[in-house]
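[1] need the 3D shape of this:
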Amino acid sequence: MKAFGKRLALALATGMILLYFSELAFWARPIAGTLPPEILPTYLVYSFSAYAFLTILAVFRVWNSSGLFLAGALFGWLTEGVIVQTMYDDFPLGLSFTGLAWHASISVMLGWYAIPKAVQQDRPWPAARLATLIGLGYGLWAIWWWTEAPPPTPLPAFGAYVFGSTAILILAYAACGKLEMRPFSPSRLEQAVIALLVFAYYVIVTVPAQPLSLLVLPPLVFLTLFALRRNAQAEAAGDGMAAWRSGRRAPPANLVTLLVIPMTAFAAYGAALAFDARLPTGWLVYGVTTPLGFILWIRSLIRLLRVRRTPQSASDPRA
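    Numbering: from 1, shown residues only. Okay, the predicted model is just below:
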């Protein structure tokens, strides 16, 4: 029970990271559903998805970037294709945006992996550089909502939103840094319960709401799981998440460096607001990330399906 409690705590901390990038950064403004107490149910859903995501990493011993992207794809499709059914809109482009283009690429590859890797370095500069780029992208992305859902959010409200949510994000990274020092090893019962809950929800809620999901989701999930299974057979036995840990906690100063995200976002948003720069940043993000999501998924499938079934290990993720 104590081990389960630690796994649950890690899922809750991971859920906050995924929530930040998948929801808070996506909506990029204080509206109904992004503020407490309305955000609490969404947070609990993301924590469940985080538990499923971490279980996939452990069961399939994900040690490389291709495997991580496929695990992120399953997380994205669980979120957008099962829990809500937005991935069937604008078919087939909806298969990528947002499940692959945002959830897998941004929430998992950037938020769950790249940022922790940067803050675990000896010096704060890698984290500061990455935080600056993220903050700039955040601020420019937020401009899109001026035309999509006017009027523009006032600068003080935007600042309070981005600084407050990022402060919680930093606490989540600190919690993950402590909890991830231990292996995440869900029992077979936990695995079965997660699979049963997802399947039951899919049958009872998803299929009646979107019958198209019967033709779309099972083949995508089967191909992705098959590639992950083939990769797992080639990996040495052990804790699959170990490859994503550096063996040391992030220095507190590096975590504080992540406050550059809201600082840069605030500056970019404020400059755009001052000059009324209504840039079509949403279309740019959509146009770039949607095909990129498909490309990364296909590339990851091919790389894992071609892997040789020989035991191997690595201390760091392979590109």
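[2] residue contacts, residue 285?
    With contact set as CB atoms under 8 Å, 6 or more residues apart in numbering, residue 285 has these partners: 141, 144. Heads up, the C-betas are built off the backbone N, CA and C, glycines and all.
[3] pLDDT score assigned to it?
    Residue 285 is assigned 96 on the pLDDT scale.
[4] quick one: it and residue 138, what's the gap?
    11 Å (CB to CB, to the nearest Å).
[5] for residue 21, same thing?
    10 Å.
[6] over to residue 296?
    Residue 296 is 21 Å from residue 138, by CB to CB.
[7] and what of residue 187?
    Taking CB to CB, one finds residue 187 at 38 Å from residue 138.
[8] out of these two, which sits in the more crowded spot?
    Ranked by neighbour count (other CB atoms under 10 Å), residue 187 and residue 138 place residue 138 first, with 23 against 11.
[9] which phi and psi does the nearest residue to the more buried one once chain neighbours are set aside have?
    Nearest residue to residue 138, sequence neighbours excluded (CB to CB, 6 or more residues apart in numbering): residue 265, at 4.0 Å. For residue 265, the backbone dihedrals (degrees, to the nearest 10) come out as phi -60, psi -40.
[10] likewise the one 10 residues further on?
    Note on residue 275: backbone dihedrals following degrees, to the nearest 10 are phi -100, psi 0.
[11] next up, the contacts around it.
    Per CB under 8 Å, 6+ apart, neighbours of residue 275: none.
[12] mind checking how far it is from residue 53?
    Using CB to CB, we find residue 275 at a distance of 40 Å from residue 53.
[13] ok, the residue in the chain sticking out farthest from the centre to residue 188 distance?
    Most distant residue from the mean C-alpha position of the chain: residue 275, 32.6 Å away (CA atoms, centre = their mean). Noted for residue 275: a distance of 58 Å to residue 188, by CB to CB.
[14] same question for residue 83.
    For residue 83, the distance to residue 188 - CB to CB - is 24 Å.
[15] more crowded one of these two?
    Comparing residue 83 with residue 188 by neighbour count (other CB under 10 Å), the higher total belongs to residue 83, at 19 against 8.
[16] not counting sequence-adjacent ones, nearest residue to the more buried one?
    Once flanking residues are discounted, residue 83 sits nearest to residue 45: 6.1 Å by CB to CB, 6+ apart.
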